[in-house]
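Peer 1: Just need the structure, nothing else, for what follows:
(2 chains)
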Protein chains: 2
Amino acid sequence: MDSTKNISSKEGASGPCLYLMPSTMSDGPVDHVIPAVNIEIAARVRHYIVENVRTARRFLRRCDPAAAIDEMAFSVLNRHTTAEEISMMLDPMADGHDMAVISEAGCPAIADPGADVVAIAQARGYRVVPLVGPSSIIMSLMGSGFNGQSFAFLGYLPIDARERTERLKEMERRIKVERQTQIFIETPYRNNRLIAELVKALPGRVLLCVASDITGPAQSIVTRPLSWWAKARYNYDKIPTIFLLYS
Amino acid sequence: MDSTKNISSKEGASGPCLYLMPSTMSDGPVDHVIPAVNIEIAARVRHYIVENVRTARRFLRRCDPAAAIDEMAFSVLNRHTTAEEISMMLDPMADGHDMAVISEAGCPAIADPGADVVAIAQARGYRVVPLVGPSSIIMSLMGSGFNGQSFAFLGYLPIDARERTERLKEMERRIKVERQTQIFIETPYRNNRLIAELVKALPGRVLLCVASDITGPAQSIVTRPLSWWAKARYNYDKIPTIFLLYS
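Peer 2: Numbering: from 1, shown residues only, chains lettered A, B, ... in the order given. Have a look, this model is predicted:
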């Protein structure tokens, strides 16, 4: 069963690990969304790659109020980090140290710059170990009732009006022809406008799921036809929200 | 912040919940992949919708060896369940009882029949609450180093040779034109054959990530160009594996 034996990895299965450590997406108790083993790993790892040092320290302290934060080294990886800087971030692994990537919220490397450092770790043959944690994409898909055997996450819709209309038409086509659930996000202060736009652009029978404040105190996941959303009262202004379309 | 107030849900935010309860994907300790709160919820819920009663009971007992399994009611939801049967499964919610969906492995309603019962719960206006747990799709994507801002999960590739070739060409196009990571699975005894087929069908510079035994003892996530896979020795025969393509 040990397929790793057949992989000519530079470090082998006993080398250092790059852990991909999900963080919380809201202020509730950490053990509502993070398995106990993650907290044990966080207590061991001394070298972190994080999107924001302050948030990462706060998360680690919430995991374990006695965490030895002062003994931890943090490299910052955000959209301003250069390729050369990213390349040097994994140097502690060459000395045999485990490292962990923590993103601003949720799963690292999904909708944030973490993927770049994972790609380098892979190219160098290091072991990469994702840990379990909250993913608003998967949780909203689970709660939507939509097809989970075929789905696409598209990130943000284009801002340019013509490209945006084209994207919506293409999403409609993939729902119909490929039976593929379409998942996307919007800048939170434009959430209400986006729903109004979807109501205008797509047929009333298409189903829209609005999943907001996932894992938070106001969590709500509501699937209804666009014809229902056209008449509904709602306010998702500034609440982190994820949108799913299907029919 | 409470957007649920604006939603005219039949039951309101205080009504019964349909929990979507991920299960383990391997035999390791439950707390490696399941947050503590899931176990607390499992200790309370008495009405379950499961893919397989024996596996679900075993999972609940692993969560809590003292679980009151004999007081729990289980409805079976698999591909043979009729729409009428599914429709009746949520009857305990009408009496105010919380329910939970547990699939065979990993997150319910993602690549299993659970989505049908969630769709009914949504149509009836019930609260649907996804819980955190292992998803081989998200974990393999995190570990691949591929684009997590745009990705698609396609399930199984078509079996028909012509349709299969067309699907591979379309995946290649979406990687190139849309920069969309393509994720798919294969019947485990065909894993090795699939890798050989990808090597033949696609350019050598395309990157293939093979993520196998996710959360299990032989977990390995390896991203390399197809030109590397063409010469590599590997054996993923009968190991649950997920495949990702990008370039």
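
Peer 1: wait, doesn't residue A:145 sit right on residue B:121?
Peer 2: Yes - applying Cβ atoms under 8 Å, one finds residue A:145 in contact with residue B:121, separated by 7.1 Å. For glycine as for every other residue, the C-beta is placed from the backbone atoms N, C-alpha and C.

Peer 1: between these two, what contacts are shared?
Peer 2: Listed as contacting both residue A:145 and residue B:121 by Cβ atoms under 8 Å, 6 or more residues apart in numbering or on different chains are residue B:128.

Peer 1: Give me the more crowded residue out of those two.
Peer 2: Just comparing residue A:145 and residue B:121: by other Cβ atoms under 10 Å in any protein chain shown the higher neighbour count belongs to residue A:145, 27 against 24.

Peer 1: So that one versus residue A:161, what's the distance?
Peer 2: Distance, residue A:145 to residue A:161, using Cβ to Cβ, to the nearest Å: 31 Å.

Peer 1: now for the helix or strand encompassing residue A:86, which elements pack on it?
Peer 2: Per DSSP states H and E: residue A:86 is located in helix A:83-89. If contacts are counted by 3 or more Cβ pairs under 8 Å, 6 or more residues apart in numbering or on different chains; DSSP states H and E, helix A:83-89 sits against helix A:114-123.

Peer 1: does any bit of stretch A:70-77 sit next to chain B?
Peer 2: No - against chain B, stretch A:70-77 shows no contacts by Cβ under 8 Å from any Cβ of the partner chain, the least distance being 13.1 Å.

Peer 1: List of residues touching that stretch?
Peer 2: By Cβ under 8 Å, 6+ apart, stretch A:70-77 touches A:45-53, A:56-57, A:60, A:86, A:89, A:92, A:101, A:113-114, A:116-117.

Peer 1: Residue A:61 contacts residue A:69, correct?
Peer 2: Yes - with contact defined as Cβ under 8 Å, residue A:61 reaches residue A:69; the gap is 6.4 Å.

Peer 1: Just checking, which helix or strand succeeds the lowest-mean-pLDDT helix or strand in chain A along the chain?
Peer 2: Least confident element among the helices and strands of chain A, by mean pLDDT, DSSP states H and E: helix A:83-89 (a mean of 92). For helix A:83-89, the following helix or strand on the C-terminal side (DSSP H and E) is helix A:91-94.

Peer 1: Let me know the next secondary structure element after that next one.
Peer 2: strand A:99-102.

Peer 1: Neighbouring strands of that following strand in the sheet, and parallel or not?
Peer 2: strand A:17-20 (parallel), strand A:47-50 (parallel) (DSSP bridges).

Peer 1: Any idea which of those strands gets closest to residue B:173?
Peer 2: strand A:17-20 (28.8 Å; Cβ to Cβ).

Peer 1: So what's the gap between that closest one and the chain middle?
Peer 2: With Cα atoms, centre = their mean, to the nearest Å as the basis, strand A:17-20 stands 16 Å off its chain's centre.

Peer 1: Rounded mean pLDDT for the next helix or strand after that strand, please.
Peer 2: Using DSSP H and E, the helix or strand that follows strand A:17-20 in sequence is helix A:36-44. The average pLDDT within helix A:36-44 is 95.

Peer 1: Next, the angle helix B:36-44 makes with helix A:36-44.
Peer 2: For helix A:36-44 against helix B:36-44, the angle by axes from the mean of the first three to the mean of the last three Cα atoms, to 10 degrees is 160 degrees.

Peer 1: still on that earlier bit, so which bits of the least confident helix or strand of chain A are buried?
Peer 2: A:86, A:89 (16 or more other Cβ atoms under 10 Å in any protein chain shown).

Peer 1: I would like the residues contacting it, please.
Peer 2: Taking Cβ under 8 Å, 6+ apart as the rule, helix A:83-89 contacts A:49, A:75, A:77, A:116-117, A:120.

Peer 1: Need the CA coordinates for that helix. CSV is fine.
Peer 2: The C-alpha coordinates for helix A:83-89 follow below in CSV (Å, rounded to 0.1, in the frame of the first residue of the first chain):
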residue,chain,number,x,y,z
ALA,A,83,9.1,35.0,-7.0
GLU,A,84,12.7,35.2,-5.6
GLU,A,85,11.5,35.9,-2.1
ILE,A,86,9.1,32.9,-2.3
SER,A,87,11.9,30.7,-3.5
MET,A,88,14.0,31.5,-0.4
MET,A,89,11.1,30.9,2.0
